[in-house]
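Visitor: take this sequence and fold it.
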Amino acid sequence: MTNKIVLLGITLLLFFTGIGNTFAQDYKREFYELKTYTIKNEAQEKAVDAYLKNAYLPALKRMGLENIGVFKVRPGKFVIADKIFVLIPFNSLDQFEKMEASLAVDKSHLSAGSDYITAKHDTPPYQRISSTLMRAFSEMPKMEPSSVSSPRTDRVYELRSYESATEALYINKVSMFNEGGEVELFDSVGANAVFYAEVISGDRMPNLMYMTTYENMEKRDAVWKAFFGSEKWQELVNDQQYKNNVSKADIWLLYPTEYSDY
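Guide: The predicted model follows:
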């Protein structure tokens with residue numbers, strides 16, 4: 001019993017400090033913010049688009065931030081397209097911390113985004129904004145903006161969130177991606193990953209998130225078929241050490257806006 005308590009304590013310590021099994025690589029790992037705008041109509045969509053395109057993204061680029069992705073929900077039967085996702089990479093938490101203060105004094109940002117920034121309470125440009133802060137996996141410490149070159153409306157950017165029942169099971173799932181070889185498997189079947197990351201602040205914790213990209217839905221379906229049919233996946237899914245480490249999976253099929261960096 002004593003040994004189990006010590007092991008649990010170590011597991012929780014690694015979770016809350018965010019170091020896991022990646023001591024040597026931690027200094028390289030990027031941070032990501034995923035901002036999600038919930039909108040209710042076309043007027044709000046146009047307002048958020050105009051702000052992001054003309055004010056927000058240009059301001060972030062003046063701060064030295066690059067590879068900013070902006071995505072919308074792909075249309076489909078029974079799909080509610082009420083979200084706009086903004087993915088921002090940071091080299092450090094210091095960059096993230098300074099972002100809002102820089103926006104507040106950026107005169108070009110304030111001018112170009114004035115309609116959005118000074119919107120009245122009865123005509124808001126969005127319903128709500130949620131923010132998730134993440135840290136890149138050790139096996140993919142840097143974002144790789146997708147090189148997919150098909151028409152933007154055809155592309156599939158698949159964003160996934162995997163929740164776990166406990167912190168220990170969450171760490172186990174992260175290990176399955178890193179040490180277990182799931183990241184390598186995605187690469188081998190041509191999934192074109194943009195990022196894999198641990199969520200360090202969000203409303204679905206404990207969870208991880210990642211994004212893969214495809215030329216179109218047909219390519220996406222073919223890659224997932226190859227993934228699930230691979231010997232490596234059969235090895236992982238039947239490995240007792242990785243059992244029951246995901247309790248819920250959320251999947252968003254997206255496409256990049258015309259002003260997204262990729």
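Visitor: strands along the chain, start to end?
Guide: 31-38, 69-73, 83-90, 128-136, 156-163, 193-201, 207-214, 248-256 (DSSP state E).
Visitor: save the ones you listed as CSV, and put in mean pLDDT, mean neighbour count and distance to residue 233 too.
Guide: Quick note: C-beta positions are derived from backbone N, CA and C, even for glycine. Below are these laid out as CSV (pLDDT from 0 to 100; neighbours: other C-beta atoms under 10 Å; distance: least, C-beta to C-beta, whole Å):
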stretch, mean pLDDT, mean neighbour count, distance to residue 233
strand 31-38, 98, 19, 26
strand 69-73, 98, 23, 26
strand 83-90, 98, 22, 26
strand 128-136, 98, 17, 23
strand 156-163, 98, 21, 15
strand 193-201, 98, 21, 16
strand 207-214, 98, 24, 14
strand 248-256, 98, 15, 15
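Visitor: what's the closest of those to residue 236?
Guide: Nearest to residue 236, of all the strands of the chain, is strand 156-163, at 13.6 Å by C-beta to C-beta.
Visitor: contacts for the closest one, please.
Guide: Here strand 156-163 makes contact (C-beta atoms under 8 Å, 6 or more residues apart in numbering) with 69, 71, 74, 85, 146, 170, 173, 194, 199, 204, 206-217, 219-220, 246-256.
Visitor: residue ranges with poor pLDDT in the stretch 1-150 of the chain?
Guide: Applying pLDDT under 70 to the stretch 1-150 of the chain picks out residues 1-27.
Visitor: look at stretch 250-262 and report the distance between its end residues.
Guide: Distance between the boundary residues of stretch 250-262 (C-alpha to C-alpha, to the nearest Å) amounts to 23 Å.
Visitor: coming back round to it: and of the strands of the chain, who's closest to residue 46?
Guide: Taking those one by one with C-beta to C-beta, strand 83-90 is closest: 11.0 Å.
Visitor: remind me what the closest one packs against, helices and strands.
Guide: With contacts taken as 3 or more C-beta pairs under 8 Å, 6 or more residues apart in numbering; DSSP states H and E, strand 83-90 sits against strand 31-38, helix 42-51, strand 69-73, strand 193-201, strand 248-256.
Visitor: could you dump the ones you listed to TSV with distance to residue 135?
Guide: What follows is the helices and strands packed on strand 83-90, written out as TSV (distance: least, C-beta to C-beta, whole Å):
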stretch	distance to residue 135
strand 31-38	5
helix 42-51	27
strand 69-73	17
strand 193-201	5
strand 248-256	19
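Visitor: among the ones you listed, which is nearest residue 136?
Guide: With C-beta to C-beta as the criterion, residue 136 lies closest to strand 193-201 of these, at 5.2 Å.
Visitor: distance from the closest one to the middle of the chain?
Guide: Counting by C-alpha atoms, centre = their mean, to the nearest Å, strand 193-201 is centred 5 Å from the centre of its parent chain.
Visitor: what's the angle from that strand to strand 156-163?
Guide: Interaxial angle of strand 193-201 relative to strand 156-163 (axes from the mean of the first three to the mean of the last three C-alpha atoms, to 10 degrees): 30 degrees.
Visitor: ok, and what's touching strand 193-201?
Guide: Counting by C-beta under 8 Å, 6+ apart, 18, 20, 30, 32, 69, 87, 89, 131-137, 139-140, 143-146, 157, 161, 174, 177, 183, 186-187, 205-213, 262 sit against strand 193-201.
Visitor: partners of it, with directions?
Guide: Sheet pairing of strand 193-201 (DSSP bridges) gives strand 128-136 (antiparallel), strand 207-214 (antiparallel).
Visitor: picking up where we left off before, can I get the strands of the chain in a markdown table with distance to residue 106?
Guide: Converted to a markdown table, those look like this (distance: least, C-beta to C-beta, whole Å):
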| stretch | distance to residue 106 |
| --- | --- |
| strand 31-38 | 17 |
| strand 69-73 | 19 |
| strand 83-90 | 15 |
| strand 128-136 | 19 |
| strand 156-163 | 28 |
| strand 193-201 | 25 |
| strand 207-214 | 28 |
| strand 248-256 | 25 |
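Visitor: among the ones you listed, which is nearest residue 239?
Guide: Residue 239 sits nearest to strand 156-163 of all the strands of the chain, at 16.5 Å, using C-beta to C-beta.
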